[in-house]
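**Student:** following is a predicted model, sequence given first.
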Amino acid sequence: MSQQNVGSLDVEAIRAEYPILEREFDGTPLVYLDNAATTHTPEPVVEAMSDYYRTSNSNVHRGIHQLSQEASIAYEDAHDRVADFIGASGEREEIVFTKNTTESENLLAYSWGLNELGPDDEVVLTEMEHHASLVTWQQIAKRTGASVKYIEVDETGRLDMEHARECITDDTALVSVVHVSNTLGTVNPVAELADLAHDHGAYIFVDGAQAVPTRPVDVEAIDADFYAFSGHKMAGPTGIGVLYGKKKLLEEMEPYLYGGGMIRKVTFEDSTWGDLPWKFEPGTPPIAEAVGLHAAVDYLEELGMERVRAHEEELAAYAYDRLAEEGDVEIYGPEPGAERGGLVSFNLEGVHAHDLASIMNDHAVAIRAGDHCTQPLHDKLGVAASARASFYVYNTHEEVDALVEALDDARQLFA
Ligand code: C6P
């Protein structure tokens, strides 16, 4: 297999569109393996955003003038483009732009959770949830009297589906599950969980922060009621995220932020709300970021999401196998294959993950170390922290080799 053609992506051509990858630290070329935190932004996306600022910058839905109309059309089109990308047939009405996945989860929790949950209700999470949903539902449960249950993760890093069937009952109001775990890499059976939730009259929210950037996602094939992700993890800009919701459910939900741009009629006594999705997008929204997200979707579709997935799986398998050969490395999560996304979390015996990340940094290898916002999961794994290498469309086998080679330095210094 050529080092430049991983999973049939032309990685050399792809890398040429990311000037940041040319950076060197003390003469050593950057090896960026922190893509689950944030991916880099290719030239077409930067160009689309700077073109917007150069030619059409204005506020949306407020002006009759030409620039405002252009900005409004670009902003609205971005909703349609995202809807199409994730298979939402209700188009823009089902796509709410937020700041990030975290805000999307909070929107659902405040808007739906605070109003609908009560002491008889249960919210079913999994032990591998990111704090963005785990902390949010904990807090909403405290305020509403609802209880929270966790589907267990088994020793292979997969969800225990037998336990899932025990946890999800007629008392369940919502199942909140991460599609691809940012720590274990596990790809969860979200469609099966959606069926389970619906069989018991519950809704399902899917946290797709690590899924939409890395594989084809069809929210209607999953039958997700709600689905969230962030622009900055999918070759797009920071400052924009998405909450997908089935139109009927979003229509029934109260807004959670109030202000201009989301109303139909306001009197001194009361107000009524505008159409979807605008009733959830008060104030000046992330317009240039929406333009950038649109360009990122175009960019990814041109690469082909099946090819992106194949590339991710292949690099994860290569990294897993190389790390597993080391003998003193503990790897978390499922073995390589369709049930593992493009990341590998691990620990090197005798070396704290933070020290390891610091040694990697000396080699210009950027990885993440810590709890990855999954503290309870790390407690369960029996470690305070782990190191994590996560891959994207521009990563190569050689970069995985650089990661593995740097382990020797860490051993010499700390072990
Ligand atoms: N994970 C990481 O793993 P925001 O920061 O709102 O764009 O995304 C939050 C989030 C929610 N769910 C999952 C599964 C995630 O992985 C993340 C972000 C980053 O490095 C930061 S903790």
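**Tutor:** Sure, I can see it.
**Student:** for the stretch 201-350 of the chain, what lies in contact range of the ligand?
**Tutor:** 207, 209-210, 230, 241 (C-beta under 6 Å from any ligand atom). To be clear about C-beta, it is placed using only N, CA and C from the backbone, and glycine gets the same treatment.
**Student:** farthest-apart pair in those residues, please.
**Tutor:** Using C-beta to C-beta, those span at most 13.2 Å, a distance reached by Gln210 and Gly241.
**Student:** with neighbour count added, can I get the residues of the stretch 201-350 of the chain next to the ligand in TSV?
**Tutor:** Conversion of these to TSV gives the following (neighbours: other C-beta atoms under 10 Å):
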residue	neighbour count
Asp207	30
Ala209	27
Gln210	29
Ser230	29
Gly241	27
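**Student:** run through the residues of the stretch 1-150 of the chain sitting next to the ligand.
**Tutor:** 36-37, 100-102, 130, 132.
**Student:** top of those by number of neighbours, please.
**Tutor:** Highest neighbour count within these: Ala36, with 27 neighbours (other C-beta atoms under 10 Å).
**Student:** excluding its backbone neighbours, what's nearest it?
**Tutor:** The spatially closest residue to Ala36, leaving aside those adjacent along the chain, is Ser390, at 3.6 Å (C-beta to C-beta, 6 or more residues apart in numbering).
**Student:** which residues sit in contact with that neighbour?
**Tutor:** Contact partners of Ser390, counting by C-beta atoms under 8 Å, 6 or more residues apart in numbering, are 33-37, 182, 342-344, 368.
**Student:** now it, which residues is it bridged with?
**Tutor:** Asp34, Leu343 (DSSP bridges).
**Student:** any idea of the mean pLDDT for stretch 362-380?
**Tutor:** For stretch 362-380, mean pLDDT rounds to 98.
**Student:** near the ligand, anything from that stretch?
**Tutor:** Yes - using C-beta under 6 Å from any ligand atom, stretch 362-380 reaches the ligand at 368, 372-373.
**Student:** tell me the one of those residues nearest Pro334?
**Tutor:** Among these, and counting by C-beta to C-beta, the member closest to Pro334 is His372, at 16.4 Å.
**Student:** residues near the residue nearest to that closest one when sequence neighbours are not counted, how many?
**Tutor:** Excluding its sequence neighbours, the residue lying closest to His372 (C-beta to C-beta, 6+ apart) is Thr183, at 4.7 Å. Neighbourhood size, Thr183 [other C-beta under 10 Å]: 26.
**Student:** Thr183 touches Gln375, doesn't it?
**Tutor:** No - in this structure Thr183 lies outside contact range of Gln375 using C-beta atoms under 8 Å: 10.2 Å.
**Student:** surely Tyr227 forms part of a strand?
**Tutor:** Yes - Tyr227 sits within a strand when classified using DSSP: H, G, I helix; E, B strand; the rest coil.
**Student:** so the closest residue to it other than its chain neighbours: helix, strand or coil?
**Tutor:** With sequence-adjacent residues excluded and distances taken as C-beta to C-beta, 6+ apart, Tyr227 is closest to Tyr244, at 4.3 Å. Look at Tyr244: counting by three-state DSSP, its state is strand.
**Student:** how about Tyr244, what does it touch?
**Tutor:** Per C-beta under 8 Å, 6+ apart, neighbours of Tyr244: 83, 86, 88, 94-96, 219, 224, 226-228.
**Student:** of those - the most surrounded one?
**Tutor:** Going by other C-beta under 10 Å, Ala228 tops the contacts of Tyr244 with 30 neighbours.
**Student:** show me what contacts that one?
**Tutor:** 98, 101, 104-105, 108, 205-209, 241-244 are the contacts of Ala228 under C-beta under 8 Å, 6+ apart.
**Student:** hmm, Ala146 is touching Leu125, no?
**Tutor:** No - assessed by C-beta under 8 Å, Ala146 is found out of contact with Leu125, at 11.7 Å.
**Student:** more crowded one of those two?
**Tutor:** Per other C-beta under 10 Å, whichever of Ala146 and Leu125 has more neighbours is Leu125, with 25 against 21.
**Student:** quick one on the thing from earlier: tell me how far the residue nearest to Ala36 lies from the ligand.
**Tutor:** Computed as C-beta to the nearest ligand atom, to the nearest Å, the Ser390 to the ligand distance reads 8 Å.
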